[in-house]
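K.L.:
Got a predicted structure plus its sequence, pasted below:
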Amino acid sequence: MQRHDLLIVGAGPVGLALALFLKDAGLDIILADARAAHAAAEDPRILALAHGTRLSLEQLGVWQGLPATPIKTIHISQQGSFGRAMLHAADYDIPALGHVMPAGALAGALRRKVDEAGIPVLDGTEVSHLAPGADDVIASLKGQHAGTLSVRLAACAEGGMNAGDDDMVEHDYHQHALISQVAVTGGHHNTAFERFTSAGPAALLPCAQGFAVVHVVAADAADSLLELDAHTYLARLQAIFGHRVSLTAVTDRLRYPLLLRYRKTPVGQRTVWLGNAAQTMHPVAGQGFNLALRDVRAFADLLIERGDDPGNTALLGEYGSTRGLDRLGTIRFTDSLVRLFSNDIAPLRHARGAGLFALDLCPPLRHFVAKRMMFGARAWP
């Protein structure tokens, strides 16, 4: 039976980033992914990366050359009501509040770095079962590299949340995200638009020469909207964002159901859950991958600092407790935004407008929101 220090389950951006953070830590690391080699590089989704995430990716040596479109301004408003707020990168002496890029491009860059570092990846190999014990975890593998592994720590970076798990919290928003790309007259000017509607939030994220769209709708409306021809659907989007932009074409429409799922505790016996294996959040405010990378970096820093058994109970417990504020705070922040803005109750609508107006006029409050979006609940790093 092969023996390793660390098995990372999932060779997507989260698992690959963990391997790179630990490549010089003196650990025997192996990754396993159920998909074919480099399948993650074909992921069509779009990621909104916070400024803090960019700093981490620069540290990993993967930022240079990525097709990243900077967000220099964020315009926040709600449909059918007064009040709006503006966030500007120039207010924080940084080049951009965040960046937008295809998830597949980031995964491809991370995978190339992992391959260059000589860290083995078992492609086409599903981790079908993990059996943690006092001294190791026995991992059962199916597929291209079927067999068993003995590892001192299993880090689950994809999947791993099943309905009925005692430690899992789940909420169905009864919403779907319609993802697409739109062309725009006059360019995007590196401005992102977050527009709250009674059906859910809609966002235009500057991406290449146009915008990536995240349009949240009620689940029972998603099918009919996808069936609309491109011209009619583009008119729907234009009506949401009004005169702020002039949209000219829409392509690449996809749909994803939206759930909140998270583990109350992201650690177990010789096991840690990261990324979507630990929490899956609503895309409002674009916090999912940014939180995941903060978790990964914090966990890697702790392993490097300890330099002993990576599956040690005390080490895992310390990680779980120290990440609680940022992790649960970000989950609740995102969930509260969805619940607060996804309705058309008149008193709440007016209160939201007043809140956006106050946010725009109150620099300390505006800076708090901006820094939380860039660095998390602890304004990390």
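P.N.:
It's in. Residues are numbered from 1 along each chain as shown.

K.L.:
any chance you could map the strands in the stretch 201-350 of the chain?
P.N.:
Counting by DSSP state E, counting those that start in this stretch, one finds strands in the stretch 201-350 of the chain at the ranges 210-218, 247-263, 267-268, 271-273, 279-280.

K.L.:
mind giving me TSV with those and columns for mean neighbour count?
P.N.:
In this view, the C-beta of every residue, glycine as well, is placed from N, C-alpha and C. Output for the strands of the stretch 201-350 of the chain, formatted as TSV (neighbours: other Cβ atoms under 10 Å):
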stretch	mean neighbour count
strand 210-218	23
strand 247-263	16
strand 267-268	20
strand 271-273	24
strand 279-280	21
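
K.L.:
Surely Arg152 is in contact with Leu315?
P.N.:
No - with contact defined as Cβ atoms under 8 Å, Arg152 does not count as touching Leu315 (11.0 Å).

K.L.:
hey, what's in contact with both of those two?
P.N.:
Asp309 (Cβ atoms under 8 Å, 6 or more residues apart in numbering).

K.L.:
And the helices in the stretch 251-381 of the chain?
P.N.:
Applying DSSP state H, counting those that start in this stretch to the stretch 251-381 of the chain gives helices spanning 288-306, 313-322, 324-341, 346-361, 363-375.

K.L.:
Identify the residues contacting stretch 246-260?
P.N.:
44-45, 169-173, 175-186, 211, 213, 216, 219, 222, 226, 230, 233-234, 237-238, 241, 280-283, 331, 335.

K.L.:
picking up where we left off before, the strands of the stretch 201-350 of the chain into TSV, with extra columns for distance to Asp309 and mean pLDDT?
P.N.:
Formatted as TSV, the strands of the stretch 201-350 of the chain follow (distance: least, Cβ to Cβ, whole Å; pLDDT from 0 to 100):
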stretch	distance to Asp309	mean pLDDT
strand 210-218	42	94
strand 247-263	22	93
strand 267-268	14	96
strand 271-273	13	96
strand 279-280	26	92
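
K.L.:
Out of those, the one nearest Val9 is which?
P.N.:
Closest of the strands of the stretch 201-350 of the chain to Val9 is strand 271-273, at 9.4 Å (criterion: Cβ to Cβ).

K.L.:
Sheet partners, orientation included, of the closest one?
P.N.:
Under the criterion DSSP bridges, strand 271-273 sits next to strand 147-156 (parallel), strand 267-268 (antiparallel) in its sheet.

K.L.:
which of those strands sits most buried?
P.N.:
Of these, the one with the most neighbours on average (mean count of other Cβ atoms under 10 Å) is strand 147-156, at a mean of 21.

K.L.:
which residues are contacting that strand?
P.N.:
1-10, 15, 18, 30, 127, 130, 132, 135-141, 270-274, 277, 299, 309-311.

K.L.:
Averaged pLDDT, that strand. What do you get?
P.N.:
Taken as a whole, strand 147-156 carries a mean pLDDT of 96.

K.L.:
Leaving out sequence neighbours, find the closest residue to Leu106.
P.N.:
Pro13 (5.3 Å; Cβ to Cβ, 6 or more residues apart in numbering).

K.L.:
What does the pLDDT read for the one you found?
P.N.:
For Pro13, pLDDT reads 95.

K.L.:
Below-threshold pLDDT in this protein: ranges please.
P.N.:
Applying pLDDT under 70 to the chain picks out residues 80-83, 159-165, 285, 340-381.

K.L.:
and it, what are its domains?
P.N.:
The chain breaks down into these domains under automatic domain parsing: 2-45+103-168+261-335, 173-259.

K.L.:
To Thr73, which of the ones you listed lies closest?
P.N.:
Per Cβ to Cβ, nearest to Thr73 of the domains of the chain: domain 173-259, 4.4 Å.

K.L.:
What distance separates the opening and closing residues of that closest one?
P.N.:
6 Å (Cα to Cα, to the nearest Å).

K.L.:
ok so, going back, I'd like to know which of the contacts of strand 147-156 are buried.
P.N.:
4-10, 15, 18, 30, 127, 130, 132, 136-137, 139, 141, 270-274, 277, 299, 310-311 (16 or more other Cβ atoms under 10 Å).

K.L.:
residue ranges of the strands in the stretch 1-150 of the chain, please?
P.N.:
2-9, 29-32, 46-50, 69-71, 73-78, 84-88, 98-102, 121-122, 125-132, 137-143, 147-156.

K.L.:
can you redo those strands as CSV with distance to Phe289?
P.N.:
Output for the strands of the stretch 1-150 of the chain, formatted as CSV (distance: least, Cβ to Cβ, whole Å):
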stretch, distance to Phe289
strand 2-9, 16
strand 29-32, 18
strand 46-50, 5
strand 69-71, 15
strand 73-78, 17
strand 84-88, 19
strand 98-102, 11
strand 121-122, 20
strand 125-132, 22
strand 137-143, 25
strand 147-156, 16
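
K.L.:
Asn190 is nearest to which of these?
P.N.:
strand 69-71 (5.3 Å).

K.L.:
Return the list of strands paired to that closest one, each annotated with direction.
P.N.:
strand 98-102 (antiparallel).

K.L.:
I'd like to check what contacts the partner strand. Which residues are they?
P.N.:
By Cβ under 8 Å, 6+ apart, strand 98-102 touches 43-51, 53-54, 66-71, 192, 205-207, 212, 286, 373-374.
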